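K.L.:
Give me a 3D structure for the following:
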Amino acid sequence: MSDIPFGIPSDPYEQAKMLENVMIAACEGKRDNSYDYEEIRTLFMKDPAIRPLLPDFVRTCRDLNHFWGYI
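P.N.:
Predicted structure coming up:
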């Protein structure tokens, strides 16, 4: 059984692209997709190889409202 939530790609590269797209959409005013942001962020935060590569704002902004406040 996979720990990856439904609708989230299994490949980390694809997850990163999806996260990027969600954040770009948030910058354009569409912040109703916080679920995907939170789920992908959680996957990355749990991965000891990926976590140190995350930008500070991803490590500290737990949802899109916090991200919006950051930007």
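
K.L.:
Tell me, please, the helix or strand in this structure that averages the lowest pLDDT.
P.N.:
Across the helices and strands of the chain, mean confidence by mean pLDDT, DSSP states H and E is lowest for helix 64-70: a mean of 89.

K.L.:
how about that one: buried residues?
P.N.:
64, 67 (16 or more other Cβ atoms under 10 Å). Glycine gets a C-beta too; all of them are placed from N, C-alpha and C.

K.L.:
repeat for stretch 22-35
P.N.:
Across stretch 22-35, burial judged by 16+ other Cβ under 10 Å covers 22-23, 25-26, 31, 34.

K.L.:
now stretch 42-61
P.N.:
So for stretch 42-61, counting by 16+ other Cβ under 10 Å, buried means 43-44, 54, 58, 61.

K.L.:
closest to Tyr70 among those residues?
P.N.:
The nearest member of the buried residues of stretch 42-61 to Tyr70, counting by Cβ to Cβ, is Cys61 at 5.3 Å.

K.L.:
And for the closest one, nearest residue in space, chain neighbours not counted?
P.N.:
Nearest non-adjacent residue to Cys61, counting by Cβ to Cβ, 6 or more residues apart in numbering: Phe67, 4.2 Å away.
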